[in-house]
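Visitor: quick check, what structure comes out for this input:
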Amino acid sequence: MIRWRVLKERSSNTRTLFDIIWSCAATLFACTWTAMHPNIPGANEGKFAIISRRLFVLVMALIVPELIITWAARQFFSARMAANDFNDALRVQVVGSNGHHPHIAGSTLPSPSAAQATGHKFKGWTATHGFFAWMGGFLLCANDTRRVTLTPDELLRFVRDGSVDMPCISRADIEDRSKGDALSKGISILQLVWFVASLLARYIQNLPITLLEIDTLAVAALTCIAYSLWWKKPKDVGRPYLVHWKAAASPPSDLGYDNADAELIAGGHFSRFYYIIYPFLSLMTFQIISPRAVRSRRVPSLGGYARTHGGIILLIGCCSGMVFGGIHCVGWNSSFHGHTEQKLWRAASLAILCAPLSILLSYIYEVSSVGQKYLPSTVDSKIQVALETATWISSFVYIAARVTLIVFMLLSLRSLPSGMYDTVAWTKFMPHL
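Guide: Below is the predicted model:
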């Protein structure tokens, strides 16, 4: 049972349990809530749905920050690839405007204007434009009735065939729609710097560090990596940019966020199951769209990226998992309430540190085709089965290890050693004459 006396009593050179929890909570909030860059909500979604989805992403960041890094890395590379593709299309339009520009058959509006696309305020696509496109920033309007969120690939296809004009929204206009600002970023960075400095000072002065502080440091470190990948992504954008359909023919009916497999939206237990696991599947090898996202015609909560750069994405995800486990190994010799708890903490930390290796080795073996080149087919197939089995086992072990760390992190607060309440003597770091 928690010693509630410690929550109330404090002196000038001690801290309370409340101080420890508050410091960790403030750091986690600064590094997760303010660092999250959600996709644009659906037009018919209420505030409760928007807040609940953001809370869902927040919980994911606290429990499995590696998943958030994987999502951010996918969007990072996708945004830059989209910017390059649209700039190529813009150059083609500029060349076409200098010569003969073909007209759209049956178009009811003027043909695409490269002069508009290359106006004084529009200098081409940047990474911010790419992020904006992948987070659901462009909404197609057809006949003033049907409105559909476009994927960047769909928008690029329509721009190239002249069905829509090149979106001429400037980077400044996109940033005006963003709720992010230098003040919130600065406060988050200052809170993190203060927290890390406090832990470093405790280590220098041989003061013990709680398991909660170690876990907070691990989550904050990984969230900051995601924050850096999202640095140019607009934050909390509430409304998309309208793109008007020009061609006489109706737009396709099978657009990305307006269509999904009927099995996923038909309802029943199978659909409810996918409500829970789709974010994890969508970040791995499966292409899947959330049923709720389909009904709302929006980008899924953990969606908005191209399925490219698979190798580097996997490497980033595995390395972030290993960093996460490595930071938890800092608590190797921390004070526990029993030898069993200490062994379980060490085992869980090592499991998180080593589990990504099997996934990475399996991928390297498959991509390098070493077995196909140098081993008999029967041996190669057995190795592939063994590596695939090890990957699945490692995934379940990783989940169990993370749960173990969370449980013992919370249990450790029930009775902390007295040294945990000692504060840093900052005066020792000041030079004396």
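Visitor: next, the contact list for the closest residue to Gln191 other than its chain neighbours, please.
Guide: The shortest distance from Gln191 to any non-neighbouring residue, by C-beta to C-beta, 6 or more residues apart in numbering, is to Ala30 (4.2 Å). Placement of C-beta: from N, CA and C, glycine included. Contact partners of Ala30, counting by C-beta atoms under 8 Å, 6 or more residues apart in numbering, are Ile187, Ser188, Gln191, Leu192.
Visitor: now, of these, which are buried?
Guide: Neighbour counting with 16 or more other C-beta atoms under 10 Å marks Ser188, Gln191, Leu192 as buried within the contacts of Ala30.
Visitor: how about the helix or strand hosting Gly186 as PDB, C-alpha atoms only?
Guide: Element membership of Gly186, judged by DSSP states H and E, is helix 182-204. The C-alpha trace of helix 182-204 is given here as PDB (Å, rounded to 0.1, in the frame of the first residue of the first chain):
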ATOM      1  CA  ALA A 182       6.800  28.000 -31.300                       C
ATOM      2  CA  LEU A 183       5.600  28.600 -27.700                       C
ATOM      3  CA  SER A 184       4.100  25.100 -27.300                       C
ATOM      4  CA  LYS A 185       7.200  23.500 -28.900                       C
ATOM      5  CA  GLY A 186       9.500  25.600 -26.600                       C
ATOM      6  CA  ILE A 187       7.600  24.600 -23.500                       C
ATOM      7  CA  SER A 188       7.800  20.900 -24.400                       C
ATOM      8  CA  ILE A 189      11.500  21.100 -25.100                       C
ATOM      9  CA  LEU A 190      12.200  23.000 -21.800                       C
ATOM     10  CA  GLN A 191      10.200  20.500 -19.800                       C
ATOM     11  CA  LEU A 192      12.100  17.600 -21.400                       C
ATOM     12  CA  VAL A 193      15.500  19.300 -20.900                       C
ATOM     13  CA  TRP A 194      14.800  20.000 -17.200                       C
ATOM     14  CA  PHE A 195      13.600  16.400 -16.700                       C
ATOM     15  CA  VAL A 196      16.800  14.900 -18.300                       C
ATOM     16  CA  ALA A 197      19.000  17.300 -16.500                       C
ATOM     17  CA  SER A 198      17.400  16.300 -13.200                       C
ATOM     18  CA  LEU A 199      18.000  12.600 -13.900                       C
ATOM     19  CA  LEU A 200      21.500  13.200 -15.000                       C
ATOM     20  CA  ALA A 201      22.200  15.200 -11.800                       C
ATOM     21  CA  ARG A 202      20.800  12.400  -9.600                       C
ATOM     22  CA  TYR A 203      23.100  10.000 -11.400                       C
ATOM     23  CA  ILE A 204      26.100  12.200 -10.800                       C
END
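Visitor: return the list of helices and strands in contact with the next helix or strand after it.
Guide: Using DSSP H and E, the helix or strand that directly follows helix 182-204 along the chain is helix 211-229. Other helices and strands packing on helix 211-229, by 3 or more C-beta pairs under 8 Å, 6 or more residues apart in numbering; DSSP states H and E, are helix 17-32, helix 47-63, helix 65-98, helix 182-204, helix 310-328, helix 377-411.
Visitor: right, so of those helices, which gets closest to Ser369?
Guide: helix 377-411 (9.2 Å; C-beta to C-beta).
Visitor: buried set for that closest one?
Guide: Those would be 380, 387, 390-391, 394-395, 397-398, 401-402, 404-405, 408-409, for helix 377-411 by 16+ other C-beta under 10 Å.
Visitor: quick one, that helix and helix 47-63 angle?
Guide: Helix 377-411 runs at 100 degrees relative to helix 47-63, counting by axes from the mean of the first three to the mean of the last three C-alpha atoms, to 10 degrees.
Visitor: what mean pLDDT does helix 377-411 get?
Guide: Mean pLDDT, helix 377-411: 85.
Visitor: could you do stretch 21-37 as well?
Guide: 87.
Visitor: and that stretch, what's buried?
Guide: For stretch 21-37, burial by neighbour count (16+ other C-beta under 10 Å) applies to Ser23, Cys24, Thr27, Leu28, Ala30, Cys31, Thr32, Trp33, Thr34, Ala35, Met36, His37.
Visitor: what residue, apart from its backbone neighbours, is nearest the fourth one spatially?
Guide: What that stands for is Leu28. Thr216 (5.8 Å).
Visitor: just the third one next, same as before
Guide: Nearest in space to Thr27, with sequence neighbours left out and distances taken as C-beta to C-beta, 6+ apart, is Phe195 at 4.4 Å.
Visitor: thought Leu350 was touching Met322?
Guide: No: the pair Leu350 / Met322 is not scored as a contact, 10.8 Å apart, by C-beta atoms under 8 Å.
Visitor: coming back round to it: could I get the buried residues of helix 377-411 as a markdown table with distance to Val164?
Guide: Output for those, formatted as a markdown table (distance: C-beta to C-beta, whole Å):
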| residue | distance to Val164 |
| --- | --- |
| Asp380 | 49 |
| Leu387 | 46 |
| Ala390 | 48 |
| Thr391 | 43 |
| Ser394 | 46 |
| Ser395 | 42 |
| Val397 | 49 |
| Tyr398 | 44 |
| Ala401 | 49 |
| Arg402 | 45 |
| Thr404 | 52 |
| Leu405 | 50 |
| Phe408 | 55 |
| Met409 | 51 |
